[in-house]
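Colleague: Following is a predicted model, sequence given first.
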Amino acid sequence: MSQIIQWIEIGTIIRSLGCCPSEGELHDLIAEVEEEEPTGYIRFEKFLPVMTEVLLERRYRPIPEDILLRAFEVLDPAKRGFLSKEELIKYMTEEGEPFSQEEMEEMLSAAVDPESNSIHFKDYITMMVIDEN
């Protein structure tokens with residue numbers, strides 16, 4: 001019997017392997033491996049070779065730490081070194097490729113300091129950057 005994966009879990013699987021695709025890239029990858037008649041599931045034997053190729057080509061690599069820091073600094077013109085929880089939610093849900101509710105909740109749980117109710121972005125970047133050495 002064929003093993004299957006819910007397509008909704010594909011993003012979690014890919015990100016757990018150290019890849020950081022955008023939502024658009026994720027949808028393209030799912031379209032590449034799903035059946036002609038979408039069922040909401042993907043056969044593992046169809047997913048495995050595509051994912052192996054993604055890993056070998058080092059596709060969807062994380063953004064380097066210095067670029068992440070510069071992006072946060074653009075959002076902090078006053079150079080405070082942090083963003084409020086409200087600012088973070090606004091930027092992540094209203095600009096560019098908006099975060100889903102689930103992505104936003106996940107980021108808030110990891111990024112926001114409960115005492116100050118803000119994100120100190122240098123600390124957050126250090127925590128989330130993957131050491132590739």
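Modeller: Ah, there it is. Numbers count the residues shown, from 1 in each chain.
Colleague: what's near enough to touch the closest residue to residue 129 other than its chain neighbours?
Modeller: Sequence neighbours aside, residue 65 is the residue nearest to residue 129 in space, at 4.8 Å (criterion: Cβ to Cβ, 6 or more residues apart in numbering). C-betas here are computed from N, CA, C, even on glycine. By Cβ atoms under 8 Å, 6 or more residues apart in numbering, the contact set of residue 65 is 125, 126, 129.
Colleague: And the first one, how far from residue 6?
Modeller: Using Cβ to Cβ, to the nearest Å, one gets 31 Å for the distance from residue 125 to residue 6.
Colleague: now the helices: where do they sit in this structure?
Modeller: 10-16, 23-33, 44-56, 65-74, 85-94, 101-111, 121-128 (DSSP state H).
Colleague: Export those as a markdown table, with columns for mean pLDDT.
Modeller: Formatted as a markdown table, the helices of the chain follow (pLDDT from 0 to 100):
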| stretch | mean pLDDT |
| --- | --- |
| helix 10-16 | 87 |
| helix 23-33 | 88 |
| helix 44-56 | 92 |
| helix 65-74 | 90 |
| helix 85-94 | 91 |
| helix 101-111 | 86 |
| helix 121-128 | 84 |
